[in-house]
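# only geometry, no sequence info:
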Ligand SMILES: [Zn+2]
């Protein structure tokens, strides 16, 4: 069983509250501080996390193939998808902005979805990964997640600036909604997962080494 450096709360009959962090006895049904149900492990969270992740992955398709912005200039309408928008920025010599948009709207969402997919698979299918890699990757995913609203910020900023200039009219197009939902569902997928399931998986692997 557990060695001294691998002791988990459940081995000691303790369980932290997922809402307030209070340490309770596993035998307690409700948190003594906030009254939330005490759950040593939330196995149902794995299914919910998969459901959100798969939804996010499906929504990536409309987010990428439909136009994300509509520009109207002297009655001439230009629609851009995420990718053609990035190309347009490159051609307009706005490379730094193109890089920000590429990072925020392609790199980060993909890395996050693939990363979460690997974690959920590691728990669901008992995959073998080194403890170090999984831990580093987990913190990386948390860290990049906070940058994923950047693209919506860039879109809204562009729309505001362009409209203020009165030169042309810009509006977010259908893919903007799909993209916002991709971000939302990816965040939900990471949020609902009981990460203690991942640590259990790591402990199990430690035992096999
Ligand atoms: Zn509590």
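On my side now, so go ahead. In this text, all values refer to a predicted model and were calculated from it rather than measured experimentally.
# got the buried residues for the helix or strand harbouring residue 178?
Secondary structure assigned from DSSP states H and E places residue 178 in helix 174-192. Using 16 or more other CB atoms under 10 Å as the test for burial, helix 174-192 gives 175-176, 178-183, 185-190, 192. Every residue, glycine included, has its C-beta placed from N, CA and C.
# how does the chain divide into domains?
1-40, 41-208 (automatic domain parsing).
# export the ones you listed to a markdown table and tack on distance to the ion and mean pLDDT?
Formatted as a markdown table, those follow (distance: least, CB to the ion, whole Å; pLDDT from 0 to 100):
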| stretch | distance to the ion | mean pLDDT |
| --- | --- | --- |
| domain 1-40 | 3 | 81 |
| domain 41-208 | 14 | 81 |
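# Can you say which of the ones you listed is packed in most?
domain 41-208 (a mean of 16; mean count of other CB atoms under 10 Å).
# now the helices for the protein?
44-65, 82-91, 95-102, 108-124, 131-145, 150-165, 174-192, 196-208 (DSSP state H).
# would CSV of these with distance to residue 38 be doable?
What follows is these, written out as CSV (distance: least, CB to CB, whole Å):
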stretch, distance to residue 38
helix 44-65, 15
helix 82-91, 44
helix 95-102, 44
helix 108-124, 21
helix 131-145, 24
helix 150-165, 37
helix 174-192, 18
helix 196-208, 13
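# Of all those helices, which one comes closest to residue 7?
helix 196-208 (9.4 Å; CB to CB).
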